[in-house]
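> Turn this into a model:
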Amino acid sequence: MSLPKGGFRIAALVLLAGLLATNVYRAATQSIAHDEALTWQVYLSGPASTMFHYYDANNHFLATVLFRISTTLFGNSELAMRLPTLLAGAWFFWTVFRLCALVLGDGWLFLVGCAALTLNPILLDFLVAARGYGLAIAGLFWALYQMLTWFNERGTVPDVQLRKRLWKAAFGCSIAVAANLTLLVPAFVVAVAFCIMLRAAGKPTGVPAPASAGSAKTRKKSKKSKPEALREPARSYAPLLNFIVPTAACAVLFLLAAPIDLARSQDFYVGMPSAIKSWRNLMEVSFAYAGSGVLGPMERISRNIALVLVPALVLAALAVAFTAVKEPSLVQLATLLSSLAVAGSAVLLALAHVMSGLPFPQDRTGLYFVPLATLAALGLARMLTGRSGYQQWLGIAAGAVLACCAIEFALQWNVRSFWVWRYDADTKRIFEALEAAPKPPGPIHLGVSWVLEPALNYYREVRKAAWLLPVERDGFDGSRQFYVAIREDQRTRRWRKSKVIYQGPVSGTALAIPPRTP
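Down below sits the predicted model:
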């Protein structure tokens, strides 16, 4: 595969390098967040066997194992814990670069694709935080890239290289599911669609091995050549098996190693009660970081437009890609796979909700919809711009819309907080302020908002604050030397009588000394 050359390639590399540098900065400087600290408490600070014998939704199994390895080697800092996610982010950026080069060519749409697929702020959050979502999406997109490259290389490379492509695609899908179970749905849809495409494609010819002199003489001695139809190779199940067998093997290993058999229905509680609320939530978290600032009105308009426009683009991409399923181009295959992943996942989630009451995705649990829908829209734009007349203009318009989204994502640049856990954005600085504050004799007992408990206990352990009793989720009543409260808990009468000694500029979470009791 030849990578795009010239200005668009350089601009894309600069963009992705800048994003990676920003992610490293965020990983090193941002306060630990609730779910990260909870993972540290349950799976990283205690016996390693806990990862294999205790399950809750916080255990993103493959990611948890990597976090454990990283903290064992490099310590318990925020950067050490987030290192596997940073590497997954670098993997995702490089995959996006190669995928866009393969599918979108070397024009302006290549740069738009790299930007639109990577700049979404909620996606960038999970390419930093020590959770499994970023690794899972990187694995899924790596699988998509390998699948498309297999089709692109059929008949031009040796069969052994094609087999490796299928193995890599299988491992990518497996990594996606092992890193986060929410990716089971899109990975399943993509895998099934790819298997159908493999059977339709028939046996890959590959590069034939050089014929020996003996076999050449034998062919020359043949008195009658066989008819062309008889000499064509029959369709083979080999490509299908080369994808399915590694996938099945990885699934068995995952089931044997992960404590997934201990999962209960109540473990999967994060979500929305309806599909409409779920989709609205996904659009809101993509256009939410400016808040009430200057960009606030623009974000509200953008999210309302995206609520209708994004599903329309995905359905249009699916329809256009299906028009040439007999002889599909690489762009059509990419568009078909990504749009099927979006539409198929939506249908399966709706069925799961009706049959078992499983909630619809909410922000991070539906994160995969964002890049998959973007890839489908990019494929649609690429297909239409290659045509003539009004369709070409429609393709240019779709590309322009994606460029506007990328620009607005860039304007929401954020290096200080994770949207889902914004209340923890200043917890590290609050703990530093608590360390520096004058304290009464004896152990310190904090009254805290319950969501702050994991992060505060993380800093208590990591910073070896023996003067502080373990933080509990027991509220503000009773004997307390300090309060730490999120904005919502600062409206009580008791808080108004407290003396605030530090308030976080990002989260609004504050540290205070409680009023003296008479």
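> where does the stretch 201-350 of the chain dip in pLDDT?
Applying pLDDT under 70 to the stretch 201-350 of the chain flags the ranges 202-235, 265-267, 290-295, 324-327.
> if we go to 50?
The model of the stretch 201-350 of the chain has pLDDT under 50 over residues 204-234.
> Now do the end-to-end distance for stretch 321-328.
Chord length of stretch 321-328, first to last residue, is 8 Å (C-alpha to C-alpha, to the nearest Å).
> Leaving out the residues flanking it, which one is nearest to Phe151?
Distances taken as C-beta to C-beta, 6 or more residues apart in numbering place Leu333 nearest to Phe151, at 5.8 Å, with adjacent residues excluded. C-betas here are computed from N, CA, C, even on glycine.
> Tell me the helices and strands packed up against whichever strand or helix holds that neighbour.
Taking DSSP states H and E as the definition, one finds Leu333 inside helix 330-356. Under the contact criterion of 3 or more C-beta pairs under 8 Å, 6 or more residues apart in numbering; DSSP states H and E, helix 330-356 touches helix 78-104, helix 133-153, helix 184-201, helix 275-286, helix 296-322, helix 369-385.
> Now do the helices in the stretch 401-518 of the chain.
In the stretch 401-518 of the chain, the helices defined using DSSP state H, counting those that start in this stretch lie at 427-436, 453-462, 493-496.
> right, and these - which one's nearest Thr64?
helix 453-462 (15.0 Å; C-beta to C-beta).
> To Met355, which of the helices of the stretch 401-518 of the chain lies closest?
Here helix 453-462 is closest among the helices of the stretch 401-518 of the chain (C-beta to C-beta), at 33.4 Å.
> That closest one to helix 427-436, inter-axis angle?
Comparing the axes of helix 453-462 and helix 427-436 via axes from the mean of the first three to the mean of the last three C-alpha atoms, to 10 degrees yields an angle of 50 degrees.
> now for helix 453-462, which elements pack on it?
Contacts defined by 3+ C-beta pairs under 8 Å, 6+ apart place helix 453-462 against helix 34-39, helix 427-436.
> what's the model's confidence in the shortest one, averaged?
Which is helix 34-39. Throughout helix 34-39, pLDDT has a mean value of 96.
> What of stretch 499-517?
Stretch 499-517 comes out at a mean pLDDT of 91.
> Tell me which residues of it come out buried.
For stretch 499-517, the neighbour count (16 or more other C-beta atoms under 10 Å) marks 501-504, 506-514 as buried.
> What of stretch 311-328?
Within stretch 311-328, the residues scored as buried using 16+ other C-beta under 10 Å are Leu313, Val314, Ala316, Ala317, Leu318, Val320, Ala321, Pro328.
> Also stretch 242-251?
Buried, per 16+ other C-beta under 10 Å, within stretch 242-251: Asn242, Phe243, Ile244, Pro246, Thr247, Cys250.
> got the helices and strands packed on helix 453-462 as TSV, with distance to Phe194 columns?
As requested, the helices and strands packed on helix 453-462 are arranged in TSV below (distance: least, C-beta to C-beta, whole Å):
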stretch	distance to Phe194
helix 34-39	32
helix 427-436	43
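> Return the residue spatially closest to Ala510, with its sequence-adjacent residues excluded.
Distances taken as C-beta to C-beta, 6+ apart put Gln503 closest to Ala510, at 4.1 Å, once the chain neighbours are dropped.
> I should have written His53 there, sorry.
In space, and not counting its chain neighbours, His53 is closest to Pro259: 5.7 Å by C-beta to C-beta, 6+ apart.
> And Ala406, by the same measure?
Computed as C-beta to C-beta, 6+ apart, the closest residue to Ala406 that is not its neighbour in sequence is Ala115, at 3.8 Å.
> Pick out the most distant pair among the buried residues of stretch 499-517.
The most widely separated members of the buried residues of stretch 499-517 are Val506 and Pro514, with 24.0 Å between them, by C-beta to C-beta.
> thinking again about what came up before, give the buried residues for the helix holding Leu333.
For helix 330-356, the neighbour count (16+ other C-beta under 10 Å) marks 331-346, 349, 353 as buried.
> how much does that helix deviate in direction from helix 184-201?
130 degrees.
> Tell me the gap between helix 330-356 and the middle of its chain.
16 Å (C-alpha atoms, centre = their mean, to the nearest Å).
> cool, stretch 425-435 as well?
How far stretch 425-435 lies from its chain's middle: 29 Å, per C-alpha atoms, centre = their mean.
> So for it, mean pLDDT?
Rounded mean pLDDT across stretch 425-435 is 96.
> which residues touch that stretch?
With contacts defined as C-beta atoms under 8 Å, 6 or more residues apart in numbering, stretch 425-435 is touched by 30-32, 78, 416-418, 452, 455-456, 459-460, 463, 465, 468, 482, 484, 501-502, 504-507, 509-511.
> gap between the closest residue in space to Ala403 that isn't next to it in sequence and Phe243?
Closest residue to Ala403 apart from its sequence neighbours, by C-beta to C-beta, 6+ apart: Val112 at 4.8 Å. From Val112 across to Phe243, the span is 31 Å (C-beta to C-beta, to the nearest Å).
> Give me the neighbour count for Ala200.
Using other C-beta atoms under 10 Å as the criterion, Ala200 is surrounded by 11 other residues.
> if we can go back for a sec, burial measure for the residue nearest to Ala403, as a count.
Val112: 26 neighbours (other C-beta under 10 Å).
> ok, now Gly46?
12.
> need the contact list for Tyr55.
Counting by C-beta under 8 Å, 6+ apart, Tyr55 touches Ala258, Pro259, Ile260, Leu262, Ala263, Asp267.
> now the fifth one, nearest residue through space, not along the chain?
Distance criterion C-beta to C-beta, 6+ apart; nearest residue to Ala263, sequence neighbours excluded, is Tyr55 at 5.1 Å.
> isn't Met197 right up against Leu330?
No. Met197 is beyond contact range of Leu330, at 11.9 Å (criterion: C-beta atoms under 8 Å).
> overlap in contacts of the two?
Shared contacts of Met197 and Leu330 (C-beta under 8 Å, 6+ apart): Phe151.
> quick one: the nearest residue to Leu79 once chain neighbours are set aside and Leu86, what's the gap?
Spatially, and ignoring its direct neighbours in sequence, Leu79 is nearest to Ala28 (4.5 Å; C-beta to C-beta, 6+ apart). Applying C-beta to C-beta, the value for Ala28 to Leu86 is 10 Å.
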